[in-house]
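S.K.: Attaching a predicted model along with its sequence, questions to come.
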Amino acid sequence: MSDTIDVPKALSGTGSWLDDRFHGARGLRVLMRKVFPDHWSFMLGEIALWSFVILLLTGTFLALFFVPSSAPVVYHGSYVKLNGLTMSQAYASTLNISFDVRAGLLMRQIHHWAADLFMAALIIHMLRIFFTGAYRKPREVNWLIGIGLFTLGLLEGLFGYSLPDDQLSGAGLRIFEGVLQGIPIVGTYLSFFLFGGPYPGDIIIPRLYIVHVLLIPGLILALITAHLFIMVHQKHTQMPGLGRTERNVVGQPFFPYFIAKGTAWFFFIFAALALLATFAQINPIWLYGPYSPVQISSASQPDFYMGILEGSLRMMPAWEWNFLGHTISFSVLIPFAVPLTVVLGGAAFWPFFEQWATGDRSYHNVLDRPRNAPIRTATGMAAVVFYGVLWAEGANDVIADYTQIPLYTVTWIARVLIFVGPAIAFYVTRRICIGLQRKDRELLEHGLETGIIRQLPDGEFIEVHRPLDEEERAPLEAKKVPALMPAPGSEDENGVPAPQAHGALGRARAIANRAFAETITLETNGHGNGHGNGHGPPEEHAEIGPGELPESSIPHSDPLLWHPHEEPPEQS
């Protein structure tokens, strides 16, 4: 690709004017020539970015008309079914936005759909990063920033749909108040200070408004900016392929290719949200009525991203302790603390655990195929099933109603699945990854099936196979296997125990290292033989599993063996 970029005259003149005053041409030139890999999965993060931009735009519009006040008023608006009813100014202004402000209902629904899309895109984007190993050195900080964005998104969504002060949002706010009070010792004080006295108080909506409109969006904007700056500085990861190494980036320049692609993606996302807002109703607050602390609606569920906490609350059996005159409600504390610790805490801890287990200290700019990291992929799928069971349990009453299964039966099914489901998902996913690795080995050895049947002179029929070309072989041969550490209890020729596997921590590390090194060995002779008889299995190669590798099986000259102490790659 040529280093020369044709810049339009108008843009060149504007750039010269700015450079004469701010001397930013060099930095802008570097940015415009920045190379970005071209893969569909890398656009998942763009969905979250543009959804947040749309949230800011529509949120600004809504803030012009919303009244964040709990003061009571008598409604006399366009929605006649609530005419003459006493309600808070927050709820009355939301009705006014929905029925009396031009395009108000459309903006409300775009805002709500954009919030759901933002959280969904964050989840899928983080799953892509996890399954491909994009969180590894030097991108651990960006991974932690992503977890922080997801956490802030949860709070932003909770506070956002609590602002209209309708019956559904009030129920969610009441659950949040109960969770705060479930925190030992400080919980009642936190609730008292947040609500300004006994629940619900009169100042919670103004406080939530400030947090929702100013504080959390500012934090999210700062984290997104840091995330993008770090990504540009460290360069983007890329999928394994022909010509792609740890020291280069294969793709297209930021200008004009990526700018055009990103701009078109923004308008496509905006159009999709506008269509959803037009034809798919979401959060019809006029059907729920104003909030009353003594009422609750049937089949009340929060937005999907809060379903994990709702489900854990519904799943947890009653459990309380009385300690020194204080009641500790584990039936509220555990559902709040455990799922967030498992999902968010485990995700934050995982990069450092994998680095410890594999001894990895190298840079990673080329991603892993999920099948080539069975333990990581299986762990990710176990977490997805764990999250999914809790999410589904958050609608246990709706599930019971539609399936005609008793409510408590649904709850007991979820209580069993929360333990059995992740274990099954881990085992099945791991075996699928090993099977896909075995398929890759067969492709390298025998090539692709052509569908052509040939008869040999002795009368035997065989199917002709086509050898893989370089582009097809490249992602298969990019597989890297972590080098093995000494086995637990291993000794050298003098009978001295290996220091890395000494003690309980060392043995645990050796076991974890062998789990991460689980793989199917590949033939790398540079070509497939281009034929096969379709009857007997090929020559067997050992399946490498946890605890099954002797030290003599480490082929240090194998080009596919990954030694995690390489020099850092040069900046491209």
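M.R.: That came in fine, so what should we check first? Residues are numbered from 1 along each chain as shown.
S.K.: thought L149 was touching L122?
M.R.: Yes: look at L149 against L122 with Cβ atoms under 8 Å: they come within range, at 6.3 Å. Just so you know, the C-beta spots here come from the backbone N, C-alpha and C atoms, and that holds for glycine as well.
S.K.: biggest helix in this protein by residues?
M.R.: If you go by DSSP state H, the chain has its longest helix at helix 407-446.
S.K.: next structured bit after that one?
M.R.: On the C-terminal side of helix 407-446, the closest following helix or strand by DSSP states H and E is strand 448-455.
S.K.: for this protein, which spans come out with low pLDDT?
M.R.: Along the chain, segments meeting pLDDT under 70 span 1-8, 10-11, 489, 491-493, 495-501, 523-572.
S.K.: dump the residue contacts of the most centrally placed residue in the chain.
M.R.: What sits nearest the mean C-alpha location of the chain, by Cα atoms, centre = their mean, is M126, with 2.6 Å. Contact analysis of M126 by Cβ atoms under 8 Å, 6 or more residues apart in numbering lists G146, I147, F150, A347.
S.K.: Also E449?
M.R.: E463, H465, R466.
S.K.: Can you tell me which of those residues are buried?
M.R.: H465, R466 (16 or more other Cβ atoms under 10 Å).
S.K.: of the contacts of E449, closest to A92?
M.R.: Set against A92, the nearest of the contacts of E449 by Cβ to Cβ is R466 (70.6 Å).
S.K.: hang on, the earlier thing: list the buried residues of the longest helix of the chain.
M.R.: 410-411, 413-414, 417-418, 421-422, 425-426, 429-430, 432-434, 436-437, 440-446.
S.K.: Can you name every helix or strand that it contacts?
M.R.: Applying 3 or more Cβ pairs under 8 Å, 6 or more residues apart in numbering; DSSP states H and E, we find helix 407-446 packed against helix 307-315, helix 374-393, helix 396-403, helix 470-477, strand 519-520.
S.K.: re the thing from before, which among the contacts of E449 gets closest to T278?
M.R.: Closest to T278 out of these is R466 (49.8 Å), distances taken as Cβ to Cβ.
S.K.: Is the closest one bridged to anything, and to what?
M.R.: On the basis of DSSP bridges, R466 is bridged to L448.
S.K.: just checking, it touches G451?
M.R.: No: counting by Cβ under 8 Å, G451 is not a contact partner of R466; they are 9.9 Å apart.
S.K.: Which residues are in contact with each of these two?
M.R.: In contact with both R466 and G451: no residue, using Cβ under 8 Å, 6+ apart.
S.K.: just the strands in the stretch 1-150 of the chain please.
M.R.: For the stretch 1-150 of the chain, the strands defined by DSSP state E, counting those that start in this stretch occupy 35-36, 72-74, 86-88.
S.K.: For those strands, give me TSV that also has mean neighbour count.
M.R.: Shown next, in TSV, are the strands of the stretch 1-150 of the chain (neighbours: other Cβ atoms under 10 Å):
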stretch	mean neighbour count
strand 35-36	20
strand 72-74	13
strand 86-88	18
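S.K.: I'd like the ones you listed laid out as TSV, including distance to E46.
M.R.: Formatted as TSV, those follow (distance: least, Cβ to Cβ, whole Å):
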stretch	distance to E46
strand 35-36	11
strand 72-74	43
strand 86-88	38
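S.K.: so A274 is in which element?
M.R.: helix 259-279.
S.K.: Pull out the buried positions in that helix.
M.R.: Those would be K261, F266, I269, F270, L273, L276, A277, for helix 259-279 by 16+ other Cβ under 10 Å.
S.K.: want to throw those residues into JSON lines with distance to T14?
M.R.: JSON lines is the format used below for the buried residues of helix 259-279 (distance: Cβ to Cβ, whole Å):
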{"residue": "K261", "distance to T14": "22"}
{"residue": "F266", "distance to T14": "22"}
{"residue": "I269", "distance to T14": "28"}
{"residue": "F270", "distance to T14": "26"}
{"residue": "L273", "distance to T14": "32"}
{"residue": "L276", "distance to T14": "37"}
{"residue": "A277", "distance to T14": "36"}
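S.K.: Check those and tell me the two furthest apart.
M.R.: Maximum distance among the buried residues of helix 259-279 (Cβ to Cβ): 24.7 Å, for K261 and A277.
S.K.: residues touching W50, list them.
M.R.: W50 touches W265, F266, I269, F270, counting by Cβ under 8 Å, 6+ apart.
S.K.: Mind doing that once more with 10 Å?
M.R.: W50 sits next to 43, 114, 117-118, 121, 262-263, 265-270, 273 when contact means Cβ atoms under 10 Å, 6 or more residues apart in numbering.
S.K.: would TSV of those with distance to T132 be doable?
M.R.: As requested, the contacts of W50 are arranged in TSV below (distance: Cβ to Cβ, whole Å):
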residue	distance to T132
M43	14
A114	26
L117	22
F118	22
A121	16
G262	21
T263	26
W265	21
F266	25
F267	28
F268	24
I269	23
F270	28
L273	27
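S.K.: ok, which pair from the residues you listed is furthest apart?
M.R.: Greatest spatial distance among the contacts of W50 (Cβ to Cβ): F118 and T263, at 18.9 Å.
S.K.: how about the helices in the stretch 151-300 of the chain?
M.R.: 167-181, 187-195, 204-210, 216-234, 259-279, 285-288 (DSSP state H, counting those that start in this stretch).
S.K.: Give me the buried positions along the fourth one.
M.R.: In this case it means helix 216-234. I216, P217, I220, L223, I224, H227, M231, Q234.
S.K.: and if you look at the first one?
M.R.: The neighbour-count check on helix 167-181 (16+ other Cβ under 10 Å) flags 167-181 as buried.
S.K.: which of those lies closest to A103?
M.R.: Closest approach to A103 among those (Cβ to Cβ): S169, at 22.4 Å.
S.K.: Now do that closest one against Y209, distance only.
M.R.: For S169, the distance to Y209 equals 13 Å [Cβ to Cβ, to the nearest Å].
S.K.: what residues are shared contacts of those two?
M.R.: A90, F159, G160, S162, L163.
S.K.: L436 contacts I520, doesn't it?
M.R.: Yes: here L436 reaches I520: they are 9.1 Å apart, a contact under Cβ atoms under 10 Å.
S.K.: anything in contact with each of those two?
M.R.: Common neighbours of L436 and I520, counting by Cβ under 10 Å, 6+ apart, are R371, N372, P374.
S.K.: Test my guess that A400 contacts T409.
M.R.: Yes: counting by Cβ under 10 Å, A400 does reach T409; the two are 7.7 Å apart.
S.K.: Much appreciated, bye for now.
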